[in-house]
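In: generate a structure from the sequence data that follows.
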Amino acid sequence: MAGAITAHLSEEASVRPKHINESGFVRFVLIGIALLFLTLMVVLPLVTVFYEGLKKGWDVYVAALTDSDAKSALKLTLIVSLIAIPLNTVFGIMAAWAITKFKFRGRNFLITLIDLPFAVSPVISGLIYVLLFGAQGFLGPWLDEHGIQIVFALPGIVLATIFVTFPFVARELIPLMDAQGVQEEEAAVSLGAKGFKLFWHVTLPNIKWGLLYGIILCNARAMGEFGAVSVISGHIRGETNTLPLHIEILYNEYQFSASFAVASLLVMLALITLVAKKLIEWRGSKWQSK
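Out: Now for the predicted structure:
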């Protein structure tokens, strides 16, 4: 009897109420509009990038990717990402831990500060660093006296990238860790676990998929960042140009095939990131279902 009731309830839950069932025509129109929009806004631009990059032949395409300035831009992009992502990962874990595991005055203010890069234009954030560390900036004279260069150099690009990307890991972990609560940590502490051992064996296994997802989002933004890096880099060709800045320079110089070829490299990096993101989501859903 109980099994029959459970089966009946499950069947009712799986059937949508009649008053919210759309007709076949409505579903067809909605799906068609969604597919048309995605085709126009996503698929066609991506296809155009590869088409324009290969328009003048494979030799021109390869020459654009193997150009010394393109290699330098790719190298700088990867270096900046390799510096910014670990730092943001550590910050995100620490911020999420503090916000979700402790109650303290200023907690909501800290959450607001984490969200700040979402509200501030990247161009403004780059300008702030110029005003702070530039030759005429607040700390500029002191830095110049000690031979330290931040603006128009790698440190400035890293700082700007960290600023625009630091919310991603924290914002992915905060709701996840908040939903999990502190019961497991409290139980582990009662059994003698402390410090790093507590985090490594109890907290990290519960947040690993959310953490990887946040890292992937952070990496995608770091590689594609333009506004803040554009302001603080100085556009020094072959030295402080990341891939997005190198693409802009090529396009402004009317080297359209070369600019689209380099853009296709950035698209491929984005597609790899997207595939990794979907794999993380798939593995995470499988892990939660166990």
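
In: alpha carbons only for contacts and neighbour counts from here, please
Out: Noted.

In: what sits against residue 165?
Out: Neighbouring residues of residue 165 by C-alpha atoms under 8 Å, 6 or more residues apart in numbering: 88, 117, 218, 221, 222.

In: packing partners of the helix or strand where residue 173 lies?
Out: Residue 173 belongs to helix 167-180 when assigned by DSSP states H and E. If contacts are counted by 3 or more C-alpha pairs under 8 Å, 6 or more residues apart in numbering; DSSP states H and E, helix 167-180 sits against helix 68-101, helix 107-119, helix 204-224.

In: let's go with 7 Å and repeat that
Out: Applying 3 or more C-alpha pairs under 7 Å, 6 or more residues apart in numbering; DSSP states H and E, one finds that helix 167-180 contacts helix 68-101, helix 204-224.

In: let's test this: name the helix or strand in the protein with the lowest mean pLDDT.
Out: helix 2-14 (a mean of 47; mean pLDDT, DSSP states H and E).

In: any idea which helix or strand comes after that helix?
Out: helix 24-38.

In: returning to that earlier point: distance from the chain centre to the helix holding residue 173, please.
Out: 14 Å (C-alpha atoms, centre = their mean, to the nearest Å).

In: contacts for whatever helix or strand comes next after it, please.
Out: Per DSSP H and E, helix 167-180 leads on to helix 183-190 as the next helix or strand towards the C-terminus. The contact list for helix 183-190, computed with C-alpha atoms under 7 Å, 6 or more residues apart in numbering, reads 198, 202.

In: can you start the count at 33 instead of 1 from here on
Out: OK, 33 is where the count begins now, so the last one is helix 215-222.

In: could you give the separation of the helix or strand following helix 215-222 from the chain centroid?
Out: Later in the chain than helix 215-222, the nearest helix or strand by DSSP H and E is helix 227-230. Remark: helix 227-230 is offset 28 Å from the chain centroid, using C-alpha atoms, centre = their mean.

In: contacts for helix 227-230, please.
Out: residue 220.

In: can I get the CA coordinates of that helix in PDB?
Out: Extracted C-alpha coordinates of helix 227-230, given in PDB (Å, rounded to 0.1, in the frame of the first residue of the first chain):
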ATOM      1  CA  GLY A 227      43.700  23.700  11.400                       C
ATOM      2  CA  PHE A 228      44.800  22.600   8.000                       C
ATOM      3  CA  LYS A 229      43.900  19.000   8.600                       C
ATOM      4  CA  LEU A 230      40.300  20.000   9.300                       C
END
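
In: if we can go back for a sec, take the helices and strands packed on helix 199-212 and lay them out in a markdown table including distance to residue 155.
Out: Converted to a markdown table, the helices and strands packed on helix 199-212 look like this (distance: least, C-alpha to C-alpha, whole Å):
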| stretch | distance to residue 155 |
| --- | --- |
| helix 100-133 | 18 |
| helix 236-256 | 14 |
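
In: wait, which of the ones you listed is closest to residue 153?
Out: Smallest distance to residue 153 across the helices and strands packed on helix 199-212 (C-alpha to C-alpha): 13.9 Å, for helix 236-256.

In: could you measure from residue 158 over to residue 129?
Out: For residue 158, the distance to residue 129 equals 29 Å [C-alpha to C-alpha, to the nearest Å].

In: er, residue 313 actually
Out: Taken as C-alpha to C-alpha, the span from residue 313 to residue 129 is 22 Å.

In: also residue 200?
Out: Taking C-alpha to C-alpha, one finds residue 200 at 15 Å from residue 129.

In: who has more neighbours, these two?
Out: More crowded of residue 200 and residue 129, by other C-alpha atoms under 10 Å: residue 200, with 25 against 18.

In: hang on, isn't residue 275 packed against residue 109?
Out: Yes: contact criterion C-alpha atoms under 7 Å: residue 275 and residue 109 qualify, at 6.4 Å.
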